[in-house]
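In: here is a sequence with its predicted model. Questions after.
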Amino acid sequence: MGSFSKILPYSCYELGHCWKHSCSSASFEICIIGFIESLKIYGVVYLLTGLVNARKISMKYGKKLLKNYLTSVCFLTVNAFGYIGSYCVVRHILQHFNFFTVSFVPGFIGSLMAILVERPARRTLLAIYVTNVASECLWNSAVGNGYVSSIPRGEILVFAAAMAYLGYSFRSQTPISRLINSIMQLFLGKEESGLMVSQRQAAAHQECIPHQPLLWHQKLLAVITGKHCLCPHRGSCVLHFIWTGLQGFAQGFLLQLSLRMVTSIPRVVRAPRKLLPLLINKTNMEAGLFLGCFTSLFKGTCCGGRWWHGKDQPGHGTVAGALAALSMYFYSAPSLALYMMWKVVESMYETGCNAGYLPRIPGSVELLYAISTGYLFHIAVMEQHYMKPSYWRFLRRLTWDRLSGYNRHLLAPYGLDSGKNYQGCWPNYDLKHISETVKWLQPAL
């Protein structure tokens, strides 16, 4: 930790905006670039939103959608401009850089300004998303620096813990998250949701009283050949288990294929021969196996719980969720596992606040977003090799790759190998605006 206390005497031109020596010009340039890219990024997002809600199209809805679109564009523009602007202001105030001001503090300030521009309805979603990405980057950094040991396929454990909680919530009458509940209903169907469970339990109460207790092997035979009176499906439980798996496989395969097709349309148009590799890609099969096993294990476990206990109860969802999460063995998705984990944390905190057990911290969502995004800017500069590739591509796009021009070689005193991916790269400085120290360092690379 001793190296983290070192002070860097470089200017913001020498270290940060190396493409232009003027702070105001560099900030204005990033503002324009950020605005242009924000128009493109959110243009696609809100266009899809409008298409999904096509039935609601009206003049009033169109004005609302346009207002929300421009608000989100301003939010992302302020985030980009606020980072580089704060970077220069902090440097001019302190007259030096330290471990935190090289990127985290400007990122925090810019992100805090930006999230206050965005609509309150979107702030929680954005905070959860960036916290998800930041936690993944933090773990990569901790493993890479030897602070913790890597856990092979650890995302499965995280996903299982989260799904055990969410599975119980899904089968209870008061789900903790409307968003997660809607997604689970989309793939698992409404018949396993808490409301349907309670309705079936009340309707079939008299019919499900057994005349005599069944032995375990009799129960097993009944499961194979028939279905429990509380089961919502047709046919035997085993056939339902198999059919659900096949249906889930098809959904997962087509969903993954659709995502790959959308991102590969330009390449396919230029070279149609690339269409076949997209169709038979291994990832499509893995996604199909993941979703197929997830849905069949969840529903199959619920069927088993009804046979075993003779009734339907939310607790079956806990076991079903944990077992279904094992399907991630076929499709590694750390981001999905972490997202579910943070949704559980958010829901538990909200439940605790509503019950009076936990204090409700004013501005906690905004602070969470600012801290997480500040850390993402920090690791993008200090340890870019540990950053999530998709988010790094997003930052490069948002700044037209200006963030890659950061002179990471000058961060060597902190001992984090910041220039690992930039060996042999050195900014094309205007020699009239750099110090003798930086001039002396250049030939050494």
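Out: It's in.

In: okay, domains of this structure per the record?
Out: Taking automatic domain parsing as the reference, the chain has its domains at 2-149+363-444, 154-331.

In: so which of those gets nearest Ser347?
Out: domain 154-331 (3.8 Å; CB to CB). C-beta coordinates here come from the backbone N, C-alpha and C atoms, glycine included.

In: excluding its backbone neighbours, what's nearest Thr295?
Out: Excluding the flanking residues, the one nearest Thr295 by CB to CB, 6 or more residues apart in numbering is Gly248, at 3.6 Å.

In: number of nearby residues for that neighbour?
Out: 25 (other CB atoms under 10 Å).

In: surely it is in contact with Gly292?
Out: Yes - using CB atoms under 8 Å, Gly248 is in contact with Gly292, at 3.9 Å.

In: thinking again about what came up before, ranking the domains of the chain by mean pLDDT, which is last?
Out: Mean pLDDT is lowest for domain 154-331 out of the domains of the chain, coming in at a mean of 79.

In: from the chain's centroid, how far away is that one?
Out: How far domain 154-331 lies from its chain's middle: 22 Å, per CA atoms, centre = their mean, to the nearest Å.

In: follow-up on the earlier one: save the domains of the chain as JSON lines, and put in distance to Ala337 too.
Out: Shown next, in JSON lines, are these (distance: least, CB to CB, whole Å):
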{"stretch": "domain 2-149+363-444", "distance to Ala337": "9"}
{"stretch": "domain 154-331", "distance to Ala337": "4"}
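
In: list the buried residues for stretch 24-33?
Out: By neighbour count on 16 or more other CB atoms under 10 Å, the buried set for stretch 24-33 is 26-27, 29-31, 33.

In: neighbouring contacts of it?
Out: Residues outside stretch 24-33 that contact it (CB atoms under 8 Å, 6 or more residues apart in numbering) are 17, 19-20, 77, 80-81, 83-85, 88, 398-400, 402.

In: which of the residues you listed sits closest to Ala162?
Out: Nearest to Ala162 among those is Leu398, at 29.8 Å by CB to CB.

In: how close does the closest one sit to Tyr406?
Out: Using CB to CB, to the nearest Å, Leu398 is found at 14 Å from Tyr406.

In: what about the residue nearest to Phe97 when sequence neighbours are not counted, neighbour count?
Out: In space, and not counting its chain neighbours, Phe97 is closest to Leu8: 4.1 Å by CB to CB, 6+ apart. Residues within reach of Leu8, counting by other CB under 10 Å, total 18.

In: and Leu8, what does it touch?
Out: Leu8 touches 15, 96-98, 102, 410-411, 413, counting by CB under 8 Å, 6+ apart.

In: switch to 7 Å and redo it
Out: Neighbouring residues of Leu8 by CB atoms under 7 Å, 6 or more residues apart in numbering: 15, 96-97, 410.

In: any chance of these in JSON lines, plus distance to Trp440, neighbour count and secondary structure?
Out: Below are the contacts of Leu8 laid out as JSON lines (distance: CB to CB, whole Å; neighbours: other CB atoms under 10 Å; DSSP: H, G, I helix; E, B strand; the rest coil):
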{"residue": "Leu15", "distance to Trp440": "16", "neighbour count": "24", "secondary structure": "helix"}
{"residue": "His96", "distance to Trp440": "18", "neighbour count": "12", "secondary structure": "coil"}
{"residue": "Phe97", "distance to Trp440": "18", "neighbour count": "25", "secondary structure": "strand"}
{"residue": "Leu410", "distance to Trp440": "12", "neighbour count": "23", "secondary structure": "helix"}
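
In: ok, which pair from these is furthest apart?
Out: The widest separation within the contacts of Leu8 (CB to CB) is 12.3 Å, between His96 and Leu410.

In: and Gln251, its phi and psi?
Out: According to degrees, to the nearest 10, the main-chain angles of Gln251 amount to phi -60, psi -50.
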